[in-house]
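In: My questions are about this predicted structure, shown below with the sequence.
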Amino acid sequence: MGLATIKRLAADIMKVGVNKVRIDPDNLAKASEALTRNDVRGLIQGGIVYRAPVEGRRRKKPKKNVFKGHGSRKGTKSARNPAKKSWMEHVRAQRRYLLQLVSEGSVKQENKRNVYMKIKSGIFKSKKTMHAYLKENNLLVEKKG
């Protein structure tokens, strides 16, 4: 049997890669006489075929950033994205107002989705402009009483 085949079988038996299998150079003739998988097992037990010593690689420690540490962020928490906060406040107020109008019956349920999507797209600057839009387009139902 060829040495490459012996290495392959030994790698399978020892559960390592083929490149990790070594054959003792003094006993190459004895190793090439092996014909079966059991013969290769015998070579492994006899020490003729063995696993190469593990050569580890040292891990590099990450560089420490001396200049930045805890609390190095500049600005207040609200300064991170103030535009989003103001947007959320406006939109939530408008949605609350729309729900109030629908529950009162001032705006019909059929028109609710249309107005809701307009709020979402940012058409209305405030509740006041939304109210003006509803009046202009006759979406507000006048209460009788």
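Out: Yes, it's here.
In: so what are the domain limits for this structure?
Out: 3-51, 81-136 (automatic domain parsing).
In: Dump the ones you listed into a markdown table; add mean pLDDT and mean neighbour count as well.
Out: C-beta here means a position set from N, CA and C on the backbone, and glycine is covered the same way. As requested, the domains of the chain are arranged in a markdown table below (pLDDT from 0 to 100; neighbours: other CB atoms under 10 Å):
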| stretch | mean pLDDT | mean neighbour count |
| --- | --- | --- |
| domain 3-51 | 93 | 15 |
| domain 81-136 | 93 | 13 |
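In: These: which one's closest to residue 61?
Out: Set against residue 61 and scored by CB to CB, the domains of the chain come closest in domain 3-51, at 27.8 Å.
In: Okay, now that closest one: how far is its last residue from its first?
Out: 15 Å (CA to CA, to the nearest Å).
In: what do you get for stretch 13-29?
Out: Between the opening and closing residues of stretch 13-29 lies a distance of 21 Å (CA to CA).
In: Need the contact partners of it.
Out: Contact with stretch 13-29 is made by 3, 6-8, 10-11, 31, 37, 40-41, 44, 47-52, as judged by CB atoms under 8 Å, 6 or more residues apart in numbering.
In: In helices, which of these fall?
Out: Of the contacts of stretch 13-29, the ones assigned to helices by DSSP state H are 3, 6-8, 10-11, 31, 37, 40-41, 44.
In: quick one: which of the residues you listed is nearest residue 63?
Out: residue 11 (38.6 Å).
In: Would you mind measuring from the closest one to residue 50?
Out: 12 Å (CB to CB, to the nearest Å).
In: and the residue at minimal distance from the centre of the chain, what does it touch?
Out: The residue lying closest to the centre of the chain (CA atoms, centre = their mean) is residue 62, at 22.4 Å. With contacts defined as CB under 8 Å, 6+ apart, residue 62 has no neighbours.
In: Could you look up the SS state of it?
Out: coil (DSSP: H, G, I helix; E, B strand; the rest coil).
In: what's the longest helix belonging to the chain in contact with?
Out: Using DSSP H, we find that the single longest helix of the chain is helix 82-104. With contact meaning CB under 8 Å, 6+ apart, helix 82-104 is reached by 78, 107, 109, 112, 115-116, 119-120, 122, 124-127, 130-131, 134, 140, 143.
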